[in-house]
Structures are given as structure tokens and as C-alpha cells.
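Novice: have a look at this fold, sequence not included:
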């Protein structure tokens, strides 16, 4: 065990103790949203609410008419939007829609429509096209795939081509789900946007979640049979649905003005809750929110949309998303390593969701690790691995806090999955109640020879680790993996600040390119390692640890 541990650490530590400078985080998860209805006329207003969480916006500039021809409607404000988004490093990918279950004649004009799309992309400096053709049946499956192939061949270099596809948790080749040949389409597009919502859609005679987590997950696993995860974008709804329960029970179709799964934008939910005495419960099984309420005759009125009558008297159910449910569903992006997420549609959401949306998407929910923190992805990685957790609370990581000796002991035990070699009493008298959480781990690293006390009976659990201390620990662990030293000194501009007891270790580690200095020629031996830096190091060396 000891020999294997030494070998493992000797390889792993080769990369851990390099100078702590800013490291570029891995690419963040992709986040796009459709611009439609609310956000169509004044998109920048709504984009400004997103807390810099977006990578792409999709305005509706193309429409397939019922006769199969292409209508291009690019509004006067488009240049302002496109220029402003490009200044913010946000791509503008227009989407093409049809009227539900209509426009199939487009496939007789595939070449012409593809040419028109490409010309508009070039003329208006768009970043690509998203095809959102819905409601056509499986009879048109091959024709649609061929249209996408033609469009792919004509697309200019650097422009993206993507498709919105129906979710298919049932794995059927019938109906409009059968219209989309995931495997064939995946060859021609940058990604598939899976519309993983409307599990219970408009007109549904049974109430339930708009997008339960299991429905979403089954849709993902079906897609991954045919396309790579980096080509899958998870769709989430910014709206819920409302049912009048008397209409649900009306099997004889006697009721009028039925409310069966009518949509309600998430930004309206707070108003609904304030208007009626809504009993809200979080349904953990579906990771969705359910509300029940009564509309009394002569009571306050509430309109789901400005152009429809107010809700009629009766009992109601409303299913919707909140921060907890969105966070749970975004976790599937991390679980299946998907490209990212997309939303329908901007302006329907409660603006409050954007405060932490990017953190949820990137697999992190620490309040003190912002979306632009250099170690964001590394912190998300170690949290997922359960190697480093929150500090002081589950919602704070304290990235700038120095790494203490107690924390380092605990992390080593978690990463290497170590246990006690033997039952024995700890010699350290200073591991008191304030560090009882780390007492067992401190004894484990002592028994395995990974860390020693600062004295015979003291461990100094709250003391921060310095670079020179880490060099000594490293040399103790892996020094026998290298030949004898060929030099007796190191050439750092601040080498006089290195402690005598650490000097030989730093010589040994620096000559083997394990522990080097900074760009200014210094070593900074007394510098303390902080928690963000430790997270980055752990991610960097993770490939050396067995699964």
C-alpha cells in the first residue's frame, strides 16, 4: 500500500506545485435563448437582465409560409442588436420557424431556400441559422434530412447550423417525433436543441409538470444513442401551465372557455401567488413546482395573457419552474457532459433566475465564486468529485482563503481514499474541538507519512501551508523517484528568503522541474496556497488518480 501510494503521488505531484498564476478555465457550458414575443421588439432590454450569462441569442428572422416559400423578416433594429451582441461576444443565430404542421412544400424548394438563407446570413452579419420546423410527421423525415444536408453544404465557413428537435423519451419513429432522424441530422449540424418541455402541453386533459426531470433525462439518454454529447443542447421552458380542475374532470365536454394546460410565463408567477392563496409544494419526484388555488366568483381577476378572458371561477393547478427546479434540471448538463442549455424564450422568465444561472449551468452554486472567476471550472470539478466542499456554509467556497494544514489533510484523504492503518491515539494535543472535524484525517495522513506535525505534539491544524512547506512535503513523498541532486543551490531572486530546512527540498524539486518559480524569477517561499489554487491543481492532476 505504501509503495503504491508513493508511486501514485510521485506521478501526480509532478504537476501540482507549479507556480500559482492565473490559469485559463476550461470552456464554459454553452447558453442560448430564443428571442420571441416579449423580447422580440426590445431584445437588449431583456438581454441586459441576464447577468452576462448568454453566449447566443436566436431572433426569429425567417418563416416558412404555408405554401412552402421562405419569408425573411429582419426588423429595422436588427443591425443595432447584432452589432451590440458582437461587442459583448454574444452570437446572433437567427431561427427559422413554420406554422405548426404546415409548410411541407418547402422541400420542393430546398435549394432555393438554402441559398436565400445563406445570402441573408452574409448580408446581415449573422452567425448562423437555427431550424425550428415543427409538427410535420415522419413521412417527411428523409426530405427534412436532405434539406439540412443541402443547407450544410452551402453554409459559409465559421457560421453555425443547428436544429430544434422534438424530445423523444419514448423512442418512437411515429408522429412528429419521427420527423427528426437524430443520427442523420447529427452529421450535418453543430448541435441539436432538444425541446425537453411540454411533457404536459396545451390542451392536455391531465395536469402535471411541463418538464419533469425524468422526462428530460430520458430524452437526453435517447439522443445520446445517436449523437455525441457535445452536440446536444438541453431545452428548458421559461413558462408553466395552468389547469382548471373542473375542466379536467369534464369527460362529457360540457364546459366552455376551457383552461387545460394553458401557458403562463414565469415572470407572472409571483403575481399569481399574490392574487390568490396558492398552496405551493415542491414535487421532489419530478423536480417541479405545483400550486393549487381557487378563483372565487366575484373575486380578484387574473389573465394568463392580455388578450384572453380572466380565469373563470373554479379550482386550479399550476405547474412551473423556480430556482430549485431549474438548478436540478441544469445539473443534467454536467451529468451527461452536454454542450449546454437553451431556453424558450427570453422575457418569459423571472429575471431573478439570472443571478446564479451561470453558476448552476457550470455545475456550481457557490455565492462567492462569480461567473468570471478564473478557477470556476476547477472549483466545479472538485465539488462534483466531493474533494473540496463549501467552507462555513454549503453556499460559500471562500476561494481566496488560505489552505490550512487541516484542510490539506482532509483533501488528501478524500482524493486518495485513505483510511487508518491502525488504531492508535493521536500524539497531537492541539487538534481540539475547533478542528475535531479534521482529527481523523490528520491521524490518517500522519500514519501514511503524508504530513507531519510542526512539533512532536503539535500539528498546527489552522496554520496556512506555504510553498516551501509544500516543497518539503513533496520531497518527502517522491524524492526517491529522482536521481541524486546534481546541484547544491537554486537561482531565485528571493532565495535568501527560503528557510534553511526547506532549501534542500526546493533545490531537489526545482531541478526536476516540479516546483518552479514565478515569471519575475522569484520563488515566494512564504506565499500561502489558497483554496482556488488548490482546486485548480486537483483538477490538473485528476487524470493520474484511479476512478
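Specialist: Structure's in. What do you need? Nothing here was measured: the structure is a model prediction, and the numbers come from that model.
Novice: got the residue ranges for the strands in the stretch 301-450 of the chain?
Specialist: 314-320, 340-346 (DSSP state E, counting those that start in this stretch).
Novice: turn those into CSV, columns for distance to residue 254 and mean pLDDT.
Specialist: All C-beta spots, glycine's among them, are computed from the backbone N, C-alpha and C. What follows is the strands of the stretch 301-450 of the chain, written out as CSV (distance: least, C-beta to C-beta, whole Å; pLDDT from 0 to 100):
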stretch, distance to residue 254, mean pLDDT
strand 314-320, 13, 98
strand 340-346, 34, 98
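Novice: which one of those has the most crowded surroundings?
Specialist: The highest average neighbour count among the strands of the stretch 301-450 of the chain, using mean count of other C-beta atoms under 10 Å, belongs to strand 340-346 at a mean of 23.
Novice: could you say what helices and strands the helix or strand that contains residue 150 packs with?
Specialist: If you go by DSSP states H and E, residue 150 is part of helix 141-154. Helix 141-154 sits against helix 110-123, strand 128-132, strand 160-165, helix 182-186, with contacts defined as 3 or more C-beta pairs under 8 Å, 6 or more residues apart in numbering; DSSP states H and E.
Novice: chain center to the second one, what's the gap?
Specialist: When you say that, I think you mean strand 128-132. Its chain's average C-alpha position is 22 Å from that of strand 128-132, according to C-alpha atoms, centre = their mean, to the nearest Å.
Novice: tell me which of the helices and strands packed on helix 141-154 lies nearest to residue 284.
Specialist: In terms of C-beta to C-beta, the element of these nearest to residue 284 is strand 160-165, at 28.7 Å.
Novice: what angle do the closest one and helix 110-123 make?
Specialist: 120 degrees (axes from the mean of the first three to the mean of the last three C-alpha atoms, to 10 degrees).
Novice: strand partners of strand 160-165, parallel vs antiparallel please.
Specialist: Here strand 160-165 has these sheet partners by DSSP bridges: strand 128-132 (parallel), strand 191-194 (parallel).
Novice: okay, the angle between the longest one and strand 340-346?
Specialist: For strand 128-132 against strand 340-346, the angle by the same axes, to 10 degrees is 70 degrees.
Novice: can you lay out the strands paired with strand 160-165 as a markdown table showing distance to residue 463 and mean neighbour count?
Specialist: As requested, the strands paired with strand 160-165 are exported to a markdown table (distance: least, C-beta to C-beta, whole Å; neighbours: other C-beta atoms under 10 Å):
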| stretch | distance to residue 463 | mean neighbour count |
| --- | --- | --- |
| strand 128-132 | 54 | 24 |
| strand 191-194 | 49 | 24 |
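Novice: to residue 152, which of the strands of the stretch 301-450 of the chain lies closest?
Specialist: strand 340-346 (20.0 Å).
Novice: list the contacts for the residue nearest the centre of the chain?
Specialist: Nearest to the mean C-alpha position of the chain, by C-alpha atoms, centre = their mean, lies residue 361 at 2.1 Å. The contact partners of residue 361, taken as C-beta atoms under 8 Å, 6 or more residues apart in numbering, are 28, 29, 31, 53, 330, 333, 340, 341.
Novice: tell me the one of those nearest residue 525?
Specialist: Distances from residue 525 to the contacts of residue 361, taken by C-beta to C-beta, are shortest for residue 28, at 34.6 Å.
Novice: nearest spatial neighbour of that closest one, skipping sequence neighbours?
Specialist: residue 362 (5.7 Å; C-beta to C-beta, 6 or more residues apart in numbering).
Novice: and that neighbour, what pLDDT?
Specialist: As predicted, residue 362 sits at a pLDDT of 83.
Novice: with the one 10 residues further on instead?
Specialist: The confidence metric pLDDT takes the value 77 at residue 372.
Novice: thought the residue nearest to residue 28 was touching residue 30?
Specialist: No. At 10.7 Å, residue 362 does not count as touching residue 30 under the criterion of C-beta atoms under 8 Å.
Novice: more neighbours: which of these two?
Specialist: Between residue 362 and residue 30, counted using other C-beta atoms under 10 Å, residue 362 has the larger neighbour count: 24 against 21.
Novice: can you name the residues that contact that one?
Specialist: 28, 29, 334, 371, 376, 377, 380.
Novice: out of the strands paired with strand 160-165, nearest to residue 448?
Specialist: strand 191-194 (46.2 Å).
Novice: from residue 41, how far off is residue 84?
Specialist: 15 Å (C-beta to C-beta, to the nearest Å).
Novice: which one's more surrounded, these two?
Specialist: More crowded of residue 84 and residue 41, by other C-beta under 10 Å: residue 84, with 15 against 11.
Novice: possible to save the helices and strands packed on helix 141-154 as JSON lines with distance to residue 94 and mean pLDDT?
Specialist: Below are those laid out as JSON lines (distance: least, C-beta to C-beta, whole Å; pLDDT from 0 to 100):
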{"stretch": "helix 110-123", "distance to residue 94": "8", "mean pLDDT": "98"}
{"stretch": "strand 128-132", "distance to residue 94": "6", "mean pLDDT": "98"}
{"stretch": "strand 160-165", "distance to residue 94": "11", "mean pLDDT": "98"}
{"stretch": "helix 182-186", "distance to residue 94": "19", "mean pLDDT": "98"}
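Novice: for the ones you listed, which one sits closest to residue 69?
Specialist: helix 110-123 (7.9 Å).
Novice: how about residues contacting that closest one?
Specialist: Contacts of helix 110-123 (C-beta under 8 Å, 6+ apart): 61-62, 64, 69-70, 72, 74, 94, 96, 106, 126, 128-129, 143, 146-147, 150-151, 154-156, 159.
Novice: taking helix 141-154 as reference, get the angle to that helix.
Specialist: Going by the same axes, to 10 degrees, helix 110-123 makes 40 degrees with helix 141-154.
Novice: in helix 110-123, which residues are buried?
Specialist: 110, 113, 114, 116, 117, 118, 120, 121 (16 or more other C-beta atoms under 10 Å).
Novice: centre of the chain to it, how far?
Specialist: Its chain's average C-alpha position is 33 Å from that of helix 110-123, according to C-alpha atoms, centre = their mean.
Novice: give me the distance between the nearest residue to residue 401 once chain neighbours are set aside and residue 417.
Specialist: The shortest distance from residue 401 to any non-neighbouring residue, by C-beta to C-beta, 6+ apart, is to residue 531 (5.3 Å). In this structure, residue 531 and residue 417 are 21 Å apart, going by C-beta to C-beta.
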